[in-house]
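Take a look and give me a structure for this.
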Amino acid sequence: MKNSFGNHICVTLFGESHGPSIGAVLDGLPPGMEIDRAFIASQLALRRPEGKTGTARREEDHFSILSGVFEGYTTGTPLAIVIPNENVRSKDYSDTRYLARPGHADYTAYAKYHGFEDYRGGGHFSGRITAALTAAGAVVIPALKKKGIFLGSHILRCAGISDRPFDAYLQDVEKLNHTSFAVLDSDAASAMKDAIVKAAEEGDSVGGILETAVLGIPAGLGEPWFDSMESLLSHALFSIPAVKGVAFGDAFSMADARGSEFNDPFRMNKDQVVTASNHNGGINGGITNGMPVLFRCMVKPTPSIFKEQQTVNFRDKENAVLSLSGRHDPAIIHRARVVVDSMTALVLADILTGRFGTDYLGGKA
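This next block holds a predicted model:
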């Protein structure tokens, strides 16, 4: 029953969708990291639903830091951050307690926790828990920036509509981190929003692909086998609800290419080793090569839809029909991008601490 991740900087998530609160504990943070509460709030706002493209459940996400911070800086002891759940409607789930929602963890949670799980709103499996993950990531992102490491994600594809790829990396990342709907092309953003609203009007949902860029990562991070940069990032990213695929660089799009097309030629840029292309996403042999780390996450369509679906009553062991009520997102990809950024930041902070020491991201009094 493990809910923790990380070797040097470890994050533990707790809480349920309709419980009193959710939160995260970060252990292994260095002393002297400046905590930017305004930035944490702004990151939580990027995850918050808005308009017709999100759920009607709107949480203010007023957070409290209970420990590990004194006079604005980390102390080096465990940092606990808590976010209350203030807008719950648990009765929406009472009538479907034993009906397995297709695409959800209702049945698998029942199989693992023997019926003792909190089923309301998905309980501990709910996307609501990603608010705590977002807050945890927002603790370390400013420290990464001080080391010259920047990251950001955009919706590369949603409902069959494509955004332009990354071009001017730093400018693109900066733009994305200040927009609520993370798309680089304004026309594509408008078309995606229309497609999400249309799916909602039809009682359905859509998914898509997020593309993430990490800039300023030094060469030499990662291990050649079980703790490769791809392995650690994938392990963490697959923990995010609705992520069903992770690919680095051009990956599957180059499956039919030849080595002469997929290889990235090395060149010298003054005294720096670079590659002329970046099909491998900045990673060779599981280790960063100094180029931007690029990866994509496939986010499935939201499983909570308002169309009638076949299912089972797993308590009574009989077939059933499910018709959902309640408040649900017609798409979560636009909210998930800041979650992907946060998870990425936590993994990078863990790896950097392991490579350069426990005080690497901290400061001195």
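
What separation do you get for Arg48 and Ile35?
Per Cβ to Cβ, to the nearest Å, Arg48 is found 21 Å from Ile35. Just so you know, the C-beta spots here come from the backbone N, C-alpha and C atoms, and that holds for glycine as well.

quick one, which of these two is more surrounded?
For Arg48 versus Ile35, neighbours defined as other Cβ atoms under 10 Å are more numerous around Ile35 (21 against 17).

which residues does the closest residue in space to Ala105 that isn't next to it in sequence contact?
Once flanking residues are discounted, Ala105 sits nearest to Phe125: 4.1 Å by Cβ to Cβ, 6 or more residues apart in numbering. Applying Cβ atoms under 8 Å, 6 or more residues apart in numbering to Phe125 gives the contacts 104-105, 109, 241.

Just those: which are in helices?
Judged by DSSP state H, the contacts of Phe125 include Ala109 as members of helices.

now for the contacts of Phe125, which pair is the farthest apart?
Taking Cβ to Cβ, the two most distant members of the contacts of Phe125 are Ala109 and Pro241; they sit 12.4 Å apart.

Gly72 - how many residues pack around it?
Residues lying near Gly72 (other Cβ under 10 Å) number 10.

What helix or strand is Arg355 located in?
Taking DSSP states H and E as the definition, Arg355 sits inside helix 333-356.

ranges for the strands of the stretch 51-200 of the chain?
For the stretch 51-200 of the chain, the strands defined by DSSP state E, counting those that start in this stretch cover 64-67, 69-70, 73-74, 79-84, 150-158, 161-162.

Do a quick rundown of the helices in the stretch 1-150 of the chain.
37-47, 106-113, 130-146 (DSSP state H, counting those that start in this stretch).

Run through who's touching the first one.
So that's helix 37-47. 61, 63, 65, 81, 83, 130-131, 134-135, 137-139, 141-142, 180, 335, 337-339, 341-342.

So Asp204 versus Arg157, what's the distance?
Using Cβ to Cβ, Asp204 is found at 17 Å from Arg157.

between those two, who's got more neighbours?
Legend: neighbour count by other Cβ under 10 Å for Asp204 and Arg157, higher for Arg157 (19 against 15).

any idea how far Leu144 is from that one?
Taken as Cβ to Cβ, the span from Arg157 to Leu144 is 27 Å.

same thing with Asp194?
Distance, Asp194 to Leu144, by Cβ to Cβ: 35 Å.

more neighbours, the two?
The residue with more neighbours, out of Asp194 and Leu144, is Leu144; 21 against 14, by other Cβ under 10 Å.

what's the burial count for Arg272?
One correction, residue 272 is Gln, not Arg. Neighbour tally, Gln272, other Cβ under 10 Å: 9.

Kindly state the pLDDT recorded for it?
Looking at Gln272, its pLDDT stands at 93.

go on, the one 5 residues further on?
According to the per-residue confidence, Ser277 scores 95 in pLDDT.

Where does pLDDT dip in the chain?
Residue ranges of the chain with pLDDT under 70: 1, 55-57, 87-93, 326-327, 365.

which residues sit against stretch 27-36?
When contacts are defined by Cβ under 8 Å, 6+ apart, stretch 27-36 is touched by residues 6, 8-12, 65, 68-69, 72-76, 78-79, 138-140, 142-143, 350, 353, 358-365.

OK, contacts around Leu215?
If a contact means Cβ under 8 Å, 6+ apart, then Leu215 has 149-151, 169-170, 173, 292 as its contacts.

which stretches of the stretch 251-365 of the chain form helices?
Counting by DSSP H, counting those that start in this stretch, residue ranges of the helices within the stretch 251-365 of the chain are 259-262, 333-356.

hey, which of these is tucked in deepest?
Ranked by mean neighbour count under mean count of other Cβ atoms under 10 Å, the helices of the stretch 251-365 of the chain are led by helix 333-356, which reaches a mean of 25.

same for that one, what does it pack against?
helix 37-47, helix 130-146, strand 150-158, strand 208-215, helix 229-237, strand 293-299 (3 or more Cβ pairs under 8 Å, 6 or more residues apart in numbering; DSSP states H and E).

Would you mind measuring from Ala111 to Ile141?
Following Cβ to Cβ, the distance that separates Ala111 from Ile141 is 36 Å.

Compare the two and say which is more crowded by neighbours.
Neighbour count, other Cβ under 10 Å: between Ala111 and Ile141, Ile141 has more, with 23 against 12.

I'd guessed that one sits against Ser342; true?
Yes: in this structure, Ile141 is within contact of Ser342 by Cβ atoms under 8 Å, at 7.4 Å.

And stretch 309-320, end to end?
By Cα to Cα, to the nearest Å, the extent of stretch 309-320 from end to end equals 9 Å.
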